[in-house]
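Q: here is my input, please return the structure:
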Amino acid sequence: MDLKGLAAAQQAGDARRLASYLGNLKGAYTQWLARNERLAQGWRVIQEAPHVNAPGYDLVLAQGGVYRLVETKARARLSLGDLHTYVFKHDITGELRFNIEYFTRNLTQADPRTLLRSGNFEIEFYLNGPDSTRLAQELIAQMGGTVARYKFEDVEHEVRIILKAVSQ
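A: Next comes the predicted model:
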């Protein structure tokens, strides 16, 4: 590789690193926005991600006997496939399902079985970006509604899905 090729490769690597850094910065800011909004509304933090891109939910909140799982996204593109760890379409029925395996693995500060038994929780996708309203509308269309179902201990439950679109 000649010097021009080496310089171009270096610039491409620098651009990728910069884009990754900016993506993490936008993600951290979006988590901060969602957290502050929910705290101002009186929600209490049960669990939160230790850093951007950490596995699990960004926030797990409680208020008045309701638990809310918050996942923040600061992306230009987002599809239902990107949210498969949270909700997904059942292969056979096409019904929107809540991913209880992921939930059980990633809820560490409360007993996931208690929440699953109660059925008294919701999941919020907090979308931040210039096209977040469009993304929310597209996700609702892909999901076919704002209710996901799950079965736990032979009882069928529903999880309300909230799509919050902001551009900040």
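Q: mind listing the strands for this protein?
A: For the chain, the strands defined by DSSP state E occupy 44-48, 59-63, 66-73, 87-89, 96-98, 121-128, 147-152, 155-166.
Q: okay if I get those strands as JSON lines plus distance to residue 24, mean neighbour count and mean pLDDT?
A: C-beta coordinates here come from the backbone N, C-alpha and C atoms, glycine included. Formatted as JSON lines, the strands of the chain follow (distance: least, Cβ to Cβ, whole Å; neighbours: other Cβ atoms under 10 Å; pLDDT from 0 to 100):
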{"stretch": "strand 44-48", "distance to residue 24": "16", "mean neighbour count": "16", "mean pLDDT": "93"}
{"stretch": "strand 59-63", "distance to residue 24": "17", "mean neighbour count": "20", "mean pLDDT": "95"}
{"stretch": "strand 66-73", "distance to residue 24": "12", "mean neighbour count": "21", "mean pLDDT": "94"}
{"stretch": "strand 87-89", "distance to residue 24": "24", "mean neighbour count": "19", "mean pLDDT": "95"}
{"stretch": "strand 96-98", "distance to residue 24": "28", "mean neighbour count": "21", "mean pLDDT": "96"}
{"stretch": "strand 121-128", "distance to residue 24": "14", "mean neighbour count": "22", "mean pLDDT": "94"}
{"stretch": "strand 147-152", "distance to residue 24": "28", "mean neighbour count": "17", "mean pLDDT": "96"}
{"stretch": "strand 155-166", "distance to residue 24": "18", "mean neighbour count": "16", "mean pLDDT": "95"}
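Q: ok, which of those strands comes nearest residue 32?
A: Residue 32 lies closest to strand 66-73 among those, at 9.0 Å (Cβ to Cβ).
Q: so where's this structure shaky on pLDDT?
A: 1-13 (pLDDT under 70).
Q: tell me where it has helices.
A: Assigned by DSSP state H, the chain shows helices spanning 3-40, 100-106, 112-118, 132-143.
Q: what separation do you get for the residue nearest in space to the middle of the chain and residue 153?
A: Nearest to the mean C-alpha position of the chain, by Cα atoms, centre = their mean, lies residue 71 at 2.6 Å. Residue 71 is 25 Å from residue 153, where distance means Cβ to Cβ, to the nearest Å.
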